[in-house]
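Engineer: give me the fold of what follows.
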Amino acid sequence: MTSNTMALKTENKKYEFVVKNLLAGGIAGMISKTTVAPLDRIKILLQAHNRHHESHGVFSGLRHIIKTESPWAMYKGNGAQMVRIFPYAATQFTSFELYKRYLDGVFGATSHIDKFIAGAGAGLTAVTLTYPLDTIRARLAFQISGEHVYTGIAHAAVTIFKEEGGTRALYRGFIPTLMGMVPYAGLSFYCFEYLKYGCMKYLPNLTCNPCEKNTGGLVLILPAKLICGGLSGAVAQSVSYPLDVTRRRMQLALMNPQTQKFAEGMFSTLKLIYNENGVFKGLYRGMSINYLRAIPMVAVSFTTYETCKQILNLDTGLQVK
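Structural biologist: Residues are numbered from 1 along each chain as shown. Next up is the predicted model:
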């Protein structure tokens, strides 16, 4: 076999690895986001203090949407979410795998800090590429039936671009998103990989099945994947939530005159939220629903991704030392 043939095979394997990870990540993102779409919408309405939901909690808000709009209204904005989430999740998971490969062993054989750095880098990469779609999706989800400003994804994109300052408008809230993404994505991947490692090392009989094609010869069973993913989501959201609230207030600031003051900048928005509503009713407003949505969302996301990798014959194991 010539060196050129070997090089070609290596390149084909790399290409196959990337394509399969992109597919697995995109599918995982779409399934997980659709699972929690109703909770996602009510979270946006509560975070941004929509006037129709000022006195509502999670379940009363959902009932109000069904009663005054329709059951399908709980999924408003989910079309834009699907357009965004496939490239976002595909990029994030694939970037994580690539960064993890490059960082493997840099911090020592037993260190897991490389997983945090790889996860944070993957989150930053994905959000940079897809942020305008997140802004559009938030605007669509914030609308109430009978008070529509935008008729769809394309109309929202063109309107925001023309009337609110071009590309800068589509990236409003981007800085707090980046700052929040480092702990959120970093901790999500770090915690999942660390818990996965713990299950395989200390509880293999309870949490794993044998799998010869995997590194370490083990694969997590479905309940273990869900638990590891759910715990990872809870930890990550607890740390990064105030910046998520700030991002939403900035994204939605120009939808009515009363909230335009939140379009000035990240630190001024943080200060305004704190001064007007405090910590728990301001910076952590909607946190209860965020746990309700984030825990199953991250659990389903990691579980679907790992399952898709198994189906596609990608390695989901770990070297347990």
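Engineer: buried residues in the top helix by length along the chain?
Structural biologist: Longest helix in the chain by number of residues (criterion: DSSP state H): helix 3-35. Neighbour counts over helix 3-35 (16 or more other Cβ atoms under 10 Å) mark 17, 20-35 as buried. In this view, the C-beta of every residue, glycine as well, is placed from N, C-alpha and C.
Engineer: spatially nearest residue to residue 99 (excluding sequence neighbours)?
Structural biologist: residue 118 (3.7 Å; Cβ to Cβ, 6 or more residues apart in numbering).
Engineer: chain center to stretch 105-120: distance?
Structural biologist: How far stretch 105-120 lies from its chain's middle: 21 Å, per Cα atoms, centre = their mean, to the nearest Å.
Engineer: burial check on residue 158, number of neighbours?
Structural biologist: Using other Cβ atoms under 10 Å, residue 158 is surrounded by 11 other residues.
Engineer: distance of it relative to residue 217?
Structural biologist: 54 Å (Cβ to Cβ, to the nearest Å).
Engineer: then residue 68?
Structural biologist: In terms of Cβ to Cβ, residue 68 sits 55 Å off from residue 217.
Engineer: repeat for residue 237
Structural biologist: For residue 237 relative to residue 217 (Cβ to Cβ), the value is 33 Å.
Engineer: okay, now the unreliable bits of the stretch 101-250 of the chain?
Structural biologist: Low-confidence segments of the stretch 101-250 of the chain, defined by pLDDT under 70: 144-147.
Engineer: now the helices for it?
Structural biologist: 113-142, 153-164, 167-170, 174-202, 204-207, 222-251 (DSSP state H, counting those that start in this stretch).
Engineer: just put those helices in JSON lines and tack on distance to residue 271.
Structural biologist: Shown next, in JSON lines, are the helices of the stretch 101-250 of the chain (distance: least, Cβ to Cβ, whole Å):
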{"stretch": "helix 113-142", "distance to residue 271": "21"}
{"stretch": "helix 153-164", "distance to residue 271": "22"}
{"stretch": "helix 167-170", "distance to residue 271": "21"}
{"stretch": "helix 174-202", "distance to residue 271": "12"}
{"stretch": "helix 204-207", "distance to residue 271": "45"}
{"stretch": "helix 222-251", "distance to residue 271": "10"}
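Engineer: quick one: closest of those to residue 10.
Structural biologist: Closest to residue 10 of the helices of the stretch 101-250 of the chain is helix 113-142 (Cβ to Cβ; 22.1 Å).
Engineer: between helix 222-251 and the closest one, find me the angle.
Structural biologist: 60 degrees (axes from the mean of the first three to the mean of the last three Cα atoms, to 10 degrees).
Engineer: which elements pack onto helix 113-142?
Structural biologist: With contacts defined as 3 or more Cβ pairs under 8 Å, 6 or more residues apart in numbering; DSSP states H and E, helix 113-142 has these neighbours: helix 37-47, helix 78-103, helix 153-164, helix 167-170, helix 174-202, helix 222-251.
Engineer: of those helices, flag the one that's most buried.
Structural biologist: Comparing the helices and strands packed on helix 113-142 by mean neighbour count (mean count of other Cβ atoms under 10 Å), helix 37-47 ranks first with a mean of 24.
Engineer: for the closest residue to residue 83 other than its chain neighbours, what are its contacts?
Structural biologist: Nearest-residue entry for residue 83: residue 133, 5.9 Å, with adjacent residues in sequence omitted and distances by Cβ to Cβ, 6+ apart. Shown in contact with residue 133 (Cβ atoms under 8 Å, 6 or more residues apart in numbering): 80, 83, 84, 88.
Engineer: next one: residue 306
Structural biologist: Counted by Cβ under 8 Å, 6+ apart, residue 306 has contacts 220, 225, 316.
Engineer: if you set the cut-off to 10 Å instead, what comes out?
Structural biologist: Shown in contact with residue 306 (Cβ atoms under 10 Å, 6 or more residues apart in numbering): 24, 28, 192, 196, 219, 220, 222, 225, 228, 229, 314, 316.
Engineer: the fifth one contacts residue 225, correct?
Structural biologist: Which is residue 219. Yes. Contact criterion Cβ atoms under 10 Å: residue 219 and residue 225 qualify, at 9.2 Å.
Engineer: so what sits against both of these two?
Structural biologist: Going by Cβ under 10 Å, 6+ apart, residues that sit against residue 219 and also against residue 225 are 207, 306, 307, 316.
Engineer: of all those residues, which two lie farthest apart?
Structural biologist: 207 and 307 (15.2 Å).
Engineer: can you give me the distance of the closest residue to residue 17 other than its chain neighbours to residue 20?
Structural biologist: Leaving aside its chain neighbours, residue 17 sits nearest to residue 314 (7.3 Å; criterion: Cβ to Cβ, 6+ apart). According to Cβ to Cβ, residue 314 stands 6 Å off from residue 20.
Engineer: mind listing the shared neighbours of those two?
Structural biologist: 97, 308.
Engineer: thank you, goodbye.
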